[in-house]
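Chemist: one predicted model, sequence on top.
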Amino acid sequence: AALQKYQTRSICLPGNHDDLSLMQQYINSKTINCNKHILFPHWQTICLNSKKTGSPGGYLAANEFTFLTETLSRYPELNTLVAIHHHCIPTQSLWMDSMMIENNDELLNLLKQYPQVKAITGGHIHQELEMQSNNQLILGMPSTCFQFKPLSTEYALDDKTPGYRVLLLYPEGEIKTHIYHLPENA
């Protein structure tokens, strides 16, 4: 409801604590919803569900791969952002990497066949991450709640304030990104 007042299109993606069927039931308006595919003039966003039932870890079911392949094949001319909750490459935090998408190799091998895929985003890591894999930008998002300490071997919170990442997607496929954090005493 808080996002409704901005009249900005918002897509909600299920995380490991979420129930997608409940999300689809209650987050279902013209501007805020759980749609898996969003078309823009020069871009498309493909949202994948990486929730593994009964586990904090990530996994992409066969139907997610089918949806991804069909959608990428249908719109080869569009730059593509793939959004997934769980991360698909190691973060060098041992405890966090135990929850990485189990079949991440299958995902990355599939995506490298599609040069229109410009970026893959994930929020499960609750921290900033920016890497390249197969000429694709891999982005980790800070949390609007608490941050996890980067490069930690066990669960640890960081002292950074809640934050978010803004992505600017340009027609020719360029991406500019910036991280914003709340002020210390907000």
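Modeler: Arrived safely, thanks for sending. Residues are numbered from 1 along each chain as shown.
Chemist: can you pull out the low-pLDDT segments for this structure?
Modeler: 1-4, 6, 186 (pLDDT under 70).
Chemist: and the strands in it?
Modeler: With DSSP state E as the criterion, the chain has strands at 10-11, 32-33, 37-39, 43-48, 79-84, 117-122, 129-133, 136-140, 163-169, 175-181.
Chemist: tabulate those (JSON lines), appending mean neighbour count and distance to Asn63.
Modeler: C-beta here means a position set from N, CA and C on the backbone, and glycine is covered the same way. Formatted as JSON lines, the strands of the chain follow (neighbours: other C-beta atoms under 10 Å; distance: least, C-beta to C-beta, whole Å):
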{"stretch": "strand 10-11", "mean neighbour count": "14", "distance to Asn63": "19"}
{"stretch": "strand 32-33", "mean neighbour count": "18", "distance to Asn63": "19"}
{"stretch": "strand 37-39", "mean neighbour count": "14", "distance to Asn63": "14"}
{"stretch": "strand 43-48", "mean neighbour count": "22", "distance to Asn63": "10"}
{"stretch": "strand 79-84", "mean neighbour count": "22", "distance to Asn63": "14"}
{"stretch": "strand 117-122", "mean neighbour count": "23", "distance to Asn63": "19"}
{"stretch": "strand 129-133", "mean neighbour count": "13", "distance to Asn63": "24"}
{"stretch": "strand 136-140", "mean neighbour count": "20", "distance to Asn63": "22"}
{"stretch": "strand 163-169", "mean neighbour count": "14", "distance to Asn63": "26"}
{"stretch": "strand 175-181", "mean neighbour count": "13", "distance to Asn63": "28"}
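Chemist: those strands into TSV, with extra columns for distance to Ser73?
Modeler: Formatted as TSV, these follow (distance: least, C-beta to C-beta, whole Å):
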stretch	distance to Ser73
strand 10-11	21
strand 32-33	24
strand 37-39	13
strand 43-48	12
strand 79-84	11
strand 117-122	12
strand 129-133	21
strand 136-140	17
strand 163-169	21
strand 175-181	22
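Chemist: and Leu20, which of the ones you listed is closest to it?
Modeler: In terms of C-beta to C-beta, the element of these nearest to Leu20 is strand 43-48, at 10.7 Å.
Chemist: if you count contacts, what does the closest one end up packed against?
Modeler: The contact analysis (3 or more C-beta pairs under 8 Å, 6 or more residues apart in numbering; DSSP states H and E) places strand 43-48 against strand 37-39, helix 62-74, strand 79-84.
Chemist: would you list those in JSON lines and tack on distance to Asp105?
Modeler: As requested, the helices and strands packed on strand 43-48 are exported to JSON lines (distance: least, C-beta to C-beta, whole Å):
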{"stretch": "strand 37-39", "distance to Asp105": "24"}
{"stretch": "helix 62-74", "distance to Asp105": "12"}
{"stretch": "strand 79-84", "distance to Asp105": "14"}
